[in-house]
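next input, structure requested:
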Amino acid sequence: MKNKKTLVLGASTKPERYAFKAITMLVEKGHSVLAIGQNAGEVAGIKIQTKAIPLKNIDTVTLYLNPARQRDYYNYIVEAKPKRIIFNPGTENPEFYQLLQLNDIKVEIACTLVLLATNQY
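Sure thing, here's the model as predicted:
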C-alpha cells in the first residue's frame with residue numbers, strides 16, 4: 001500500500017465524530033496525516049492545527065466541513081494542488097466541484113472510512 005499524505009479538514013478530538021475516526025484509521029493504515037479543525041488537540045498522535053498550515057505534496061484532502069464552511073478553504077486547497085478531494089457524506093458541494101475540476105483536481109464523493117476499510121483508498 002502506498003502512503004497517501006492526507007489533510008483532514010474539519011478534524012475533531014471527539015471520538016464519536018467521523019473526522020476523528022478517519023484520522024485514527026488513516027494512521028493505522030500507515031498514511032501521513034495533517035489535520036485542521038476548529039479546536040486544537042491531538043488524535044492518534046496527530047496534532048490538530050486551528051489555522052491553515054503550509055501544504056506540500058498532499059495526495060488527498062478529505063473534507064468534514066459543511067459547504068458553507070468550505071468556502072474559506074477554496075483557494076487554500078486549490079493552491080495546495082492535491083491529487084483529489086474526498087467529499088464525505090454531508091459535505092457535498094457542486095460549486096466547489098467545478099472549481100476543483102477547472103484546476104485538474106479529482107473530485108471523489110465517497111466516505112473515507114469505507115474507502116479505507118475496503119482497501120480502495
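
quick check: phi and psi on the residue most central in space within the chain?
Residue closest to the average C-alpha location in the chain (CA atoms, centre = their mean): Thr62, at 2.2 Å. As for Thr62, its main-chain torsions (degrees, to the nearest 10) stand at phi -110, psi 120.

may I see the buried residues of stretch 10-27?
For stretch 10-27, burial by neighbour count (16 or more other CB atoms under 10 Å) applies to 10-13, 17-27. In this view, the C-beta of every residue, glycine as well, is placed from N, C-alpha and C.

how far away is the residue with the largest distance to the centre of the chain from Glu95?
If you look at how far each residue of the chain sits from its centre, by CA atoms, centre = their mean, the farthest one is Leu102, at 19.5 Å. The gap separating Leu102 from Glu95 is 12 Å, by CB to CB, to the nearest Å.

tell me the strands in this protein, going along the chain?
6-11, 33-37, 41-43, 46-49, 60-63, 84-87, 106-109 (DSSP state E).

save these as a markdown table, and put in distance to Ala117 and mean pLDDT too.
Putting the strands of the chain into a markdown table (distance: least, CB to CB, whole Å; pLDDT from 0 to 100) gives the following:
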| stretch | distance to Ala117 | mean pLDDT |
| --- | --- | --- |
| strand 6-11 | 15 | 98 |
| strand 33-37 | 17 | 98 |
| strand 41-43 | 18 | 98 |
| strand 46-49 | 19 | 98 |
| strand 60-63 | 14 | 98 |
| strand 84-87 | 14 | 98 |
| strand 106-109 | 16 | 98 |
